[in-house]
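Asker: how would this look folded up:
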Amino acid sequence: RRPPRSTLFPYTTLFRSSRAALDSCLGSAKGGMLRVIETPFRAGKNVIFTGRARCYADDQDANNIRKRLLLGLSWLTQVGAQRTTGFGRVLKVEVENAKAVESSPTTIFTMPLGFDLVLRPQGSLCISRHKIGGNLFESEDIIPGNMLGGAIMETAKALDVTIPHFNAVRFRHAFPTTGSDRPRPLPLSTVKAGKIPYDIADFREPVLLKDDKGEFTAPAFQLDWKEHGDVLKALGWAKPARELRVRTAIDSEHRTADRGEKGEGGKLFAWEMVHPVTDDKTKIVWRTRIDLMDVPANDRTNTAKALAQVLDQLGFVSKTKASCTVKINPVLEPESGPSLTDGQSLALVFESPALLADPRFERLPRSGAFGAKEMFALYRAVWNELSGNSLELSHYFAQQFLAGGNHLAKRFQKNREAYDPWLLTAAGSVFVFTVKAAAVATPRLATWFASGLPLADWAHQNYAVDVPPNERWEHIPYIPQNGFGEVALHQPAFATPETRAINLADPILP
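Answerer: Down below sits the predicted model:
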């Protein structure tokens, strides 16, 4: 087939052929009817295209698939555009015998607490975000935990492997990077003064910051930035190259684009693809972690062995069903938490979105629209609940967004009377606390780091009431096992600025 036209796969040489429409009366070229066609190969040149088809099958099924592929490809007489004028003629098709992929899963000798994973996709990914159009699928850069878990389960079914206590396994989001460490989301406490990025998590009151010109100015928050790439690069993030691929359904009878039953319209759709390389062709990997802390200890080794076997032949990643090579590093020690003392300040950052607070389902006296003070009271109440009143919210830098739409509503809310999109607190949100009871807060933090932030009581009551934990994923997608609610200590990556205080007549915080 003709290779895709992309900056990632450029042709070494492009040839051009010209033609013109003829005037049927005069027998000469029509004015303004010159057409130039670009081709990657000279006319009449024989070119060999090779590719690979991957499937999960035994020897007999693989041989049957090979025969069917050969039969189907042999029916292709021409490929690409301009077929009726002689372009893309297929001369010969060969399909080699199936070869088994050598499997060498990581040997599990001990009882690990999880795995650090390095994912290398073998093709392009389409990690579809919430659609804003019926025929356009835009792609995210991040592989979410629920997508990774789904790919692992589909691969396990294809390999006929059973993973014990699969619903207790926690799959964190996978982030793209060219470095040796998993990057962390950009904290919302990061601001710019001029061109200088600062972290202002320690500041509860509004202040002016010294910019790159030595002047004091109001900080610019991320919503006002025109460019994020410099700051994300400093945090270890890689930006995958992107490509838009437009496709259409084919009418099998006429072998043309499907125009619908009455010819009223086509079936065109577009996928935005992310490639496992940057625009300058630097290779990208996706780094993440799988946690087994909630798997029963007596079965943890069996679960780890089954996961290692499946990860060695991982496929079905994203809408493209891409296969990945996976490097596995067993985790043998739990994440260390801070040593807390009463009265100290503590800052936490969300590394993935969390179902934390929603004004629609929590009792809070109000009149009119919700404002900053009401939202602060809402967050303070939910943190008091989750921490057992051991942490007192001082201030925060957070964003909220709605998630919903056709698929999520019909998949998870099909039995509900009203449609209620989920209100999520965004990744990068920073919450700053004063420690009230260190003896209570320390084990809570250790649990949050190992298993994710648990659902608040209002979320249980409205989305997962009377649902066993191992079945909760069927009713609500935003659970810790799917990678949501990942929380970590906030460790500022940027300097603390030189400031000048300002006074507000009506401060937001109490």
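Asker: Can you list the buried residues in the helix or strand of the chain with the lowest mean pLDDT?
Answerer: Every helix and strand of the chain was ranked by mean pLDDT, DSSP states H and E. The lowest is helix 406-412, at a mean of 76. Buried residues in helix 406-412, counting neighbours by 16 or more other C-beta atoms under 10 Å, are found at 408, 412. For glycine as for every other residue, the C-beta is placed from the backbone atoms N, C-alpha and C.
Asker: ok now it, how far from the chain's centre?
Answerer: Its chain's average C-alpha position is 19 Å from that of helix 406-412, according to C-alpha atoms, centre = their mean, to the nearest Å.
Asker: For the helix or strand just after that helix, output the C-alpha coordinates as PDB.
Answerer: Sequence order places strand 422-425 as the next helix or strand after helix 406-412, per DSSP states H and E. This file holds the C-alpha atoms of strand 422-425, laid out as PDB (Å, rounded to 0.1, in the frame of the first residue of the first chain):
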ATOM      1  CA  TRP A 422     -19.300  13.900  36.900                       C
ATOM      2  CA  LEU A 423     -17.600  17.000  38.400                       C
ATOM      3  CA  LEU A 424     -13.900  16.200  38.700                       C
ATOM      4  CA  THR A 425     -11.100  18.100  40.300                       C
END
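Asker: Based on its surroundings, how many neighbours for Met375?
Answerer: 17 (other C-beta atoms under 10 Å).
Asker: cool, Gly260 as well?
Answerer: Quick note: Gly260 (other C-beta under 10 Å) scores 11 neighbours.
Asker: got a pLDDT number for it?
Answerer: Listed pLDDT for Gly260 reads 73.
Asker: again, but for Pro10
Answerer: 49.
Asker: Ok, Pro365 next?
Answerer: So, for Pro365, pLDDT stands at 58.
Asker: Show me where the stretch 151-300 of the chain has its strands.
Answerer: Remark: strands assigned in the stretch 151-300 of the chain by DSSP state E, counting those that start in this stretch are 170-171, 175-177, 190-193, 196-199, 207-210, 216-217, 242-248, 250-251, 256-257, 268-274, 285-291.
Asker: Looking at those, which is nearest to Arg83?
Answerer: Ranking the strands of the stretch 151-300 of the chain by proximity to Arg83 (C-beta to C-beta) places strand 256-257 first, at 10.6 Å.
Asker: which other helices and strands contact that closest one?
Answerer: Strand 256-257 makes packing contacts with strand 250-251 when contacts are defined by 3 or more C-beta pairs under 8 Å, 6 or more residues apart in numbering; DSSP states H and E.
Asker: Give me the contacts around the strand it packs on.
Answerer: With C-beta atoms under 8 Å, 6 or more residues apart in numbering as the test, strand 250-251 has contacts from 256-259.
Asker: in its sheet, what does that strand sit against?
Answerer: strand 256-257 (antiparallel) (DSSP bridges).
Asker: And the contacts of the partner strand?
Answerer: Against strand 256-257 from outside (C-beta under 8 Å, 6+ apart): 248-251, 266-268.
Asker: And the furthest pair within the residues you listed?
Answerer: Asp251 and Leu268 (13.2 Å).
Asker: thinking again about what came up before, would you mind saying which of the strands of the stretch 151-300 of the chain lies nearest Arg68?
Answerer: strand 250-251 (18.0 Å).
Asker: Out of the contacts of strand 256-257, flag the one nearest to Trp75.
Answerer: Nearest to Trp75, judged by C-beta to C-beta, of the contacts of strand 256-257 is Ile250 at 13.0 Å.
Asker: in the sheet, who's paired with that closest one?
Answerer: Ala257.
Asker: any idea how far it lies from Cys126?
Answerer: 20 Å (C-beta to C-beta, to the nearest Å).
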